[in-house]
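[1] What would the 3D arrangement of this be:
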Amino acid sequence: DGTYEISKYTGRATSLVLPSKYNDVIITSIGRLAFFDRTTFTSVKLPSGLTNIEEEAFAGCKGLTAIVIPEGVTSIANGVFNGCTNLSEVTLHSKITSIGESAFAKCDSLTSITLPDAVTSIGEKAFQNSGLTEITIPAGITSISQAMFMECSDLTDVTIPEGVTSIGQSAFRESGLQNISLPNSITSVGSFAFKDCESLHYKYENNAGYLGNAENEYLVLWGASNSSNIQINENTKVIAGSAFMGCTSMSSIAIPESVTNIGVQAFFNTGLTSVIIPDRVTSIEDATFANCRSLTSVTMPNGVTSI
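    Below is the predicted model:
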């Protein structure tokens, strides 16, 4: 197409300035795995004419400490900086629209990053096991992907905008999360989204744990104790995936009409004998009542369209 790609680097320089042209032809792309596992360089200046950085281009570059993404690049590819353990400074320009899967996973030294307002998509495990301490999700994001911040042990505060409708499986699992306010737009929460977040502040009432906001602190029921006496608050909108998993002492539960979504495996391996699904629930997710060996009666509303 009349342009060049940097496909492979084999040098051992400690500082790199990548050329903008080769044989007077513009360089627009860095290929997949081009700098993979090259650990000697601490800095790299990318050419201004660059429009594409392919998957895992800089993965495993443990010496790299900072990166500035040129304005022609509008997406951060899958795994592009995965395992860059010393990367502490990332500059993303305002036109970046997407961040790929595992893009900054295992970036131990990355304590903060400013995500541009133009970002509308962030892939699974994008920041898994990174050094982030806080993060503000851009307003254009509607979904927190699976394991996005899993194992971020230093992550204490997350700001999620109104408009986010779903939080994926294990999104914040084993993180240091302390404070989170969930928007009223939330309609589903995946299994183990907040599992093993030992410092998390949440509402606990009648043997159930809730997350929400100042307007409704009972918005999402995300977990419960193994008790024979569990009551769901009448303001709860979402029952998270695996919320009641293993509650073998629970033989009955009253699900209030406020509930609109019951997550995957929500009642897996419980002692339920019967249950009535409220009218606003329209689908029964995978394995919702799996391994409930005492369950003999399920009453579903007419509005349920998928099982």
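[2] quick one: low-confidence ranges for this structure?
    1 (pLDDT under 70).
[3] Pick out the residue closest to the middle of it.
    residue 148 (2.6 Å; C-alpha atoms, centre = their mean).
[4] surely that one meets residue 168?
    Yes. With contact defined as C-beta atoms under 8 Å, residue 148 counts as touching residue 168 (6.9 Å). Heads up, the C-betas are built off the backbone N, CA and C, glycines and all.
[5] shared neighbours of the two, which are they?
    Listed as contacting both residue 148 and residue 168 by C-beta atoms under 8 Å, 6 or more residues apart in numbering are residue 124.
[6] From one end of stretch 37-56 to the other, what's the distance?
    Stretch 37-56 has its terminal residues 10 Å apart, counting by C-alpha to C-alpha, to the nearest Å.
[7] So for it, what gets flagged as buried?
    Residues of stretch 37-56 classed as buried under the neighbour-count rule (16 or more other C-beta atoms under 10 Å) are 38, 41-42, 44, 46-47, 50, 52-56.
[8] if I look at the closest residue in space to residue 270 that isn't next to it in sequence, how far off is residue 229?
    The shortest distance from residue 270 to any residue other than its chain neighbours is 4.7 Å, reached at residue 247 (C-beta to C-beta, 6 or more residues apart in numbering). Going from residue 247 to residue 229 by C-beta to C-beta, to the nearest Å gives 11 Å.
[9] Then residue 299?
    From residue 299 across to residue 229, the span is 22 Å (C-beta to C-beta).
[10] again, but for residue 202
    With C-beta to C-beta as the criterion, residue 202 and residue 229 are 19 Å apart.
[11] Compare the two and say which one has the larger neighbour count.
    Each of residue 202 and residue 229 has its neighbours counted (other C-beta atoms under 10 Å); residue 202 has more, 16 against 10.
[12] From residue 27, how far off is the more buried one?
    From residue 202 to residue 27 the distance is 50 Å (C-beta to C-beta).
[13] Kindly report the same for residue 245.
    Distance, residue 245 to residue 27, by C-beta to C-beta: 52 Å.
[14] For the closest residue to residue 223 other than its chain neighbours, give me its contacts.
    What sits nearest to residue 223 in space, not counting adjacent residues and going by C-beta to C-beta, 6+ apart, is residue 209, at 4.4 Å. For residue 209, the contact set (C-beta under 8 Å, 6+ apart) comprises 202-203, 221-224.
[15] Which strand or helix spans residue 295?
    In this assignment (DSSP states H and E), residue 295 forms part of neither any helix nor any strand.
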